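Trainee: this is the structure alone, sequence omitted:
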């Protein structure tokens, strides 16, 4: 027996989680949190589609929350064995997982206050700070390129994926019986792009039976950007924001993306390519992460430049809530970098609520925006959004810059996969939405025959021992139909409808016209047949 189940990052870009079963042992690769639409995010609260206590060991590719964020929940519900990750990943998880627990405790406390007022039942956080800290006791640090045996009959080793401090692609060999060669699988993790400021180019060996390949930017061919190109593009955005005279808000992942942006901004100031400005890093997590970037600076590309940026007089790191709130009183041009990168949590939502309606505000999106996130709604050009239940007009300038993406684009993924050849049995496209998988399928057609490119759906289980992967019964039943994954959901449609209703009522000529609109809505809710009023049907 050798089954592989896809319990996350399957036709969507978050929730990375794969379960490898040998018959004798169960090995989990990643245990990430779902982000994006509320339908997908709700999976974080549901039971795992496997019994946590039955898992014998876990491998972790890197410390981003969509890959590690449900580890404390896994431990809370019975997982008692080792979590193997690189030393830097272990260090980052020691701050990122408790931070995630804190965010959940805070958001649930605020939600429960609203629920109590509305007479609704109270809810529990997925896990808290203490549970996240307790989970760290099960981590074991491993080095790159060094074989180890997480469970009997399976050996693994990590290769630098060039995506994040400590990130890895994980090579797995499963021993075979009867003198056959072991079956070799490569879990790509997230593959970094060329010209990343702090990370080296990704690496891994060749010659696998199966490769799980991320496809986040599988449909995107970014213009090749050197360090100088990236800084020039950033300087253009900063200069335009300075002319508008308001704040430049940059939603950013707290670990590495924030450090990259801070380093380039201070470099541009030092070179006189942008006006002097104050740069506020409004993220407790980014604040705490600085010690690990200092610890590993010598192993990073441009680590000396990062250390210089951390000491810049233009940079201020905030940690407490009072300092964060004080930023709302600042006038004139300045920069605020705050998490989260997709605007779906954290302090950036408070800044957006306070600043989106001001025409002199600039919001610069510097990362991938998953379907269903506030960042994606802004990127798609919404003129109104709902934040913390408030209707907010979007009068700010919304800019985008892709040069800071932590993911390889289509040509880079093609080159990475080409270097892994031969791939004997097939490639599983994971960690991507439909457009990304469509694009990458076309891009790698010269490397992998179409009948050996697979797109597993959420909770698909596949038998890997046959000539081709064969579906096995899901355990337990599939949590969501494929059509509900990687797409906007009814929550997004409801938010848009509420905004449209409010706009329609606000623009009505008088009380009578507003009354007509409200009566139409009531009849629609009651299921009445449309009636004719004036020249239209309602």
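Mentor: Arrived safely. The shown structure was predicted, so the numbers you read here are calculated from the model rather than taken from an experiment. Residues are numbered from 1 along each chain as shown.

Trainee: rest of the way, CA atoms for contacts and neighbours
Mentor: Noted.

Trainee: ok, and what's touching stretch 137-151?
Mentor: Contacts with stretch 137-151, where a contact means C-alpha atoms under 8 Å, 6 or more residues apart in numbering, come from 25, 27, 56-58, 80-87, 90, 155-160.

Trainee: ok, now stretch 89-106?
Mentor: So stretch 89-106 is contacted by 62-63, 65, 68-69, 72, 125-133, 136, 139-141, 165-167, 285, 288-289, 292, 346 (C-alpha under 8 Å, 6+ apart).

Trainee: got a ChimeraX select line for the buried ones in the residues you listed?
Mentor: Only the buried entries of those go into this ChimeraX selection, using 16 or more other C-alpha atoms under 10 Å:
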select :62,63,65,68,69,72,126,127,128,129,131,132,133,136,139,165,166,167,285,288,289,346
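
Trainee: what about the contacts of stretch 89-106, which are in helices?
Mentor: Those of the contacts of stretch 89-106 mapping onto helices are 65, 68, 72, 129-133, 285, 288-289, 292, per DSSP state H.

Trainee: out of those residues, which one sits closest to residue 221?
Mentor: residue 65 (26.1 Å; C-alpha to C-alpha).

Trainee: just the pLDDT at the closest one, thanks.
Mentor: In the predicted model, residue 65 carries a pLDDT score of 95.

Trainee: distance of it relative to residue 138?
Mentor: Taking C-alpha to C-alpha, to the nearest Å as the measure, residue 65 falls 17 Å from residue 138.

Trainee: how much space separates residue 506 from residue 396?
Mentor: 21 Å.

Trainee: the two: who's more crowded?
Mentor: residue 396 (21 against 11; other C-alpha atoms under 10 Å).

Trainee: could you report the pLDDT at the more buried one?
Mentor: For residue 396, pLDDT reads 96.

Trainee: touching, it and residue 358? I think so.
Mentor: Yes - between residue 396 and residue 358 there is a contact under C-alpha atoms under 8 Å: 5.6 Å.

Trainee: where does pLDDT dip in this structure?
Mentor: Applying pLDDT under 70 to the chain flags the ranges 474-477, 486-496, 528-538.

Trainee: okay, now the domains of it?
Mentor: The chain breaks down by automatic domain parsing into domains covering 3-220+411-477, 227-400, 490-537.

Trainee: not counting its own residues, what contacts stretch 61-70?
Mentor: 14-17, 29-35, 44, 60, 85, 89-90, 92-93, 96-97, 100, 164, 166-170, 189-190.

Trainee: what's the answer for stretch 4-18, then?
Mentor: Here stretch 4-18 has contacts from 19-21, 28-36, 49, 66-67, 216, 370, 430-434, 437, 455-464, 482, 485-486, using C-alpha under 8 Å, 6+ apart.

Trainee: are any of the residues you listed buried, and which?
Mentor: 19-21, 28-36, 66-67, 216, 370, 430-434, 437, 455-464, 482, 485-486.

Trainee: state the phi and psi torsions of residue 423.
Mentor: Here is the backbone geometry of residue 423 (degrees, to the nearest 10): phi -110, psi 110.

Trainee: max-length helix in this protein?
Mentor: Under DSSP H, the chain gives helix 87-118 as its longest helix.

Trainee: residue 152: neighbour count?
Mentor: Neighbours around residue 152, by other C-alpha under 10 Å: 12.

Trainee: still on that earlier bit, from the contacts of stretch 4-18, which land in strands?
Mentor: 19-21, 28-29, 430, 460-463 (DSSP state E).

Trainee: please enumerate the strands of the stretch 401-538 of the chain.
Mentor: For the stretch 401-538 of the chain, the strands defined by DSSP state E, counting those that start in this stretch occupy 423-430, 453-454, 460-463, 470-472, 532-533, 536-537.

Trainee: my guess is residue 249 contacts residue 360, does it?
Mentor: No - under the criterion of C-alpha under 8 Å, residue 249 makes no contact with residue 360, lying 11.2 Å away.

Trainee: ok, the two, which is more surrounded?
Mentor: residue 249 (24 against 20).

Trainee: what helices and strands are in contact with the helix or strand harbouring the more buried one?
Mentor: Under the criterion of DSSP states H and E, residue 249 resides in strand 247-251. Under the contact definition 3 or more C-alpha pairs under 8 Å, 6 or more residues apart in numbering; DSSP states H and E, strand 247-251 sits against helix 227-244, strand 334-338, helix 348-355, strand 362-365.

Trainee: how about a cut-off of 7 Å?
Mentor: With contacts taken as 3 or more C-alpha pairs under 7 Å, 6 or more residues apart in numbering; DSSP states H and E, strand 247-251 sits against strand 334-338, strand 362-365.
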